[in-house]
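> Sequence first, predicted coordinates after that:
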Amino acid sequence: NAGVTQTPKFRVLKTGQSMTLLCAQDMNHEYMYWYRQDPGMGLRLIHYSVGEGTTAKGEVPDGYNVSRLKKQNFLLGLESAAPSQTSVYFCASSYTRQTAYGYTFGSGTRLTVV
Amino acid sequence: DQQVKQNSPSLSVQEGRISILNCDYTNSMFDYFLWYKKYPAEGPTFLISISSIKDKNEDGRFTVFLNKSAKHLSLHIVPSQPGDSAVYFCAASGDTGNQFYFGTGTSLTVIP
């Protein structure tokens, strides 16, 4: 099925460990985004990409890095995980920035940092 | 500071009645607005959008109203169905920005 696939779906990390979250889309979308969802905070943009090889910071980029080496993939990295990064992470993609059809979201990655 | 606010964390409505979900924003440069619906353990799915050149947009049972002077939008669901029970997020963006700002969500429960 066409859409956005996130891996893994769940992960528990110890403080200081590193990990990479993978987002893959098969809709040939130019734009890709990483959001985090926390209770009472809505979804906040971490980083985004407007095309292969380009990335930019969103609202809450500290502690995260991203890469978009291939158009269909957008990776989110945590170099040294902290408990404050416990959250649900959503990847999304879109054909254009302001689209009448919104973004297509993945099903999320639930990350717990202990 | 939240630029998009949904002040009602939850709402309960009887099946068949109207559900009205509200959203306020502070940035007058926002000119495009979306509503998303989210079920537990799933990602948000797009529901309906409206641009600032309109004050109303309809799609079946869903209608979004935009009041630019009040910086307020609302989502009406008529008639409400049990399958509409979900968390609803509004989101807004401006012409010069590269992101949508999301509200904190309203959890709708439709009682059969």
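Arrived safely, thanks for sending.

> host element of B:Cys90?
strand B:86-94 (DSSP states H and E).

> which neighbours does the lowest-mean-pLDDT helix or strand in chain B have in its sheet, and in what orientation?
None of the helices or strands of chain B scores lower by mean pLDDT, DSSP states H and E than strand B:101-102, at a mean of 91. When pairs are called by DSSP bridges, strand B:101-102 turns out to pair with strand B:86-94 (antiparallel).

> For the partner strand, list every residue counted as buried.
Residues of strand B:86-94 classed as buried: B:Ala86, B:Val87, B:Tyr88, B:Phe89, B:Cys90, B:Ala91, B:Ala92, B:Ser93, B:Gly94 (neighbour count, 16 or more other CB atoms under 10 Å in any protein chain shown). Using the backbone N, CA and C atoms, a C-beta is placed for each residue, glycine as well.

> Let me have those residues in a markdown table, extended by pLDDT.
Output for these, formatted as a markdown table (pLDDT from 0 to 100):
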| residue | pLDDT |
| --- | --- |
| B:Ala86 | 97 |
| B:Val87 | 96 |
| B:Tyr88 | 97 |
| B:Phe89 | 96 |
| B:Cys90 | 96 |
| B:Ala91 | 94 |
| B:Ala92 | 92 |
| B:Ser93 | 88 |
| B:Gly94 | 82 |
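
> For those, could you give me a markdown table that also reports distance to A:Ala82?
A markdown table is the format used below for the buried residues of strand B:86-94 (distance: CB to CB, whole Å):
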| residue | distance to A:Ala82 |
| --- | --- |
| B:Ala86 | 31 |
| B:Val87 | 27 |
| B:Tyr88 | 31 |
| B:Phe89 | 26 |
| B:Cys90 | 30 |
| B:Ala91 | 27 |
| B:Ala92 | 30 |
| B:Ser93 | 29 |
| B:Gly94 | 31 |
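
> Quick check: B:Leu66 touching B:Ile48?
No. Using CB atoms under 8 Å, B:Leu66 makes no contact with B:Ile48, being 11.3 Å away.

> residue nearest the centroid of chain A?
A:Trp34 (2.7 Å; CA atoms, centre = their mean).

> Got phi/psi on it?
phi -120, psi 130 (degrees, to the nearest 10).

> Was I right to think it contacts A:Val88?
No. With contact taken as CB under 8 Å, A:Trp34 and A:Val88 are classed as non-touching, separated by 11.6 Å.

> Can you pull the residues of chain A lying near chain B?
With CB under 8 Å from any CB of the partner chain as the criterion, chain A meets chain B at residues A:4, A:33, A:35, A:40-45, A:48, A:50, A:56, A:58-59, A:90, A:92, A:97-98, A:100-108.

> Let's see which of the residues you listed end up in strands.
Using DSSP state E, the members of the residues of chain A next to chain B that fall within strands are A:4, A:33, A:35, A:42-45, A:48, A:50, A:56, A:90, A:92, A:104-105.

> could I get those as TSV with neighbour count and pLDDT?
TSV is the format used below for these (neighbours: other CB atoms under 10 Å in any protein chain shown; pLDDT from 0 to 100):
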residue	neighbour count	pLDDT
A:Val4	24	96
A:Tyr33	25	95
A:Tyr35	29	96
A:Gly42	21	85
A:Leu43	26	92
A:Arg44	17	93
A:Leu45	21	93
A:Tyr48	24	94
A:Val50	15	91
A:Ala56	13	93
A:Phe90	24	97
A:Ala92	27	95
A:Thr104	21	92
A:Phe105	23	95
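
> Sounds good, over and out.
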